[in-house]
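> coords please:
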Amino acid sequence: MPPNLMTDMLLNRVYPIVIAQYQRDDFGVGGEHMLHWALVVLWNKEDPFEGHAYQAIDRHYSDGRGVIWKQHDIDIVLNNTVKCLGAIQIGEVKARKFKDLHGLIVGYPTVPKAHVPGWNCRDWVLEVVELLREKGCIYESVYPAPVAAMGTKAAQPHLLQYLRTVSVQTAVNRRYDRLAAPAVYWV
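Numbers count the residues shown, from 1 in each chain. Predicted coordinates:
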């Protein structure tokens, strides 16, 4: 939860909503279409980027259960791992509405959609983004409704153009400082 939620509510502060991308063992810069995505509500736009992350994680079992998806939400600092390859701001939420937004997101199931082949964490994030659009939290300029209407798989390339840029910038920054903050595309 935000460290100063009551103060932030009184001051009518706004929290940025970003999609953060994370390197996988086999994929990094240049393989953005395969990276792990998390939806993150940041408490500010300054380094260190602290906030609350929401993500769908798959667990693979060999005992007959197969693949089980679970939601994981946790307070994070984007800078605490070199696996974070940047983020793009897609919206914002007023501090006074954060608890409602939190409840909405944690209540959204991580159930693969049968009509979406290869459903994964990126699809889940975009499904949640659509819920947030209904609440007026998503920037139309970054993720327009007509793009979203194409479906999660078809819409991902639209966001990947931004995510590729921030992953390259993050990699460049980390050539000189391995612990450099991930690049963020701010709107």
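
> state which helix of this structure is the longest.
In the chain, taking DSSP state H as the definition, the longest helix is helix 152-176.

> tell me the helices and strands packed up against that helix.
strand 14-22, strand 84-94, helix 121-134, helix 145-148, strand 184-185 (3 or more C-beta pairs under 8 Å, 6 or more residues apart in numbering; DSSP states H and E). For the C-beta atoms, the positions are set from N, CA and C on the backbone; glycine is no exception.

> so where's the chain shaky on pLDDT?
27-28, 30 (pLDDT under 70).

> just to revisit the earlier point, what's the closest of the helices and strands packed on helix 152-176 to Gly103?
helix 121-134 (11.2 Å; C-beta to C-beta).

> tally of neighbours for Val116?
13 (other C-beta atoms under 10 Å).

> just send the helices and strands packed on helix 152-176 back as JSON lines, with mean neighbour count too.
Output for those, formatted as JSON lines (neighbours: other C-beta atoms under 10 Å):
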{"stretch": "strand 14-22", "mean neighbour count": "24"}
{"stretch": "strand 84-94", "mean neighbour count": "24"}
{"stretch": "helix 121-134", "mean neighbour count": "20"}
{"stretch": "helix 145-148", "mean neighbour count": "14"}
{"stretch": "strand 184-185", "mean neighbour count": "20"}
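
> possible to save the ones you listed as CSV with distance to His158?
Listed next are the helices and strands packed on helix 152-176 as CSV, based on distance: least, C-beta to C-beta, whole Å:
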stretch, distance to His158
strand 14-22, 12
strand 84-94, 11
helix 121-134, 10
helix 145-148, 5
strand 184-185, 13
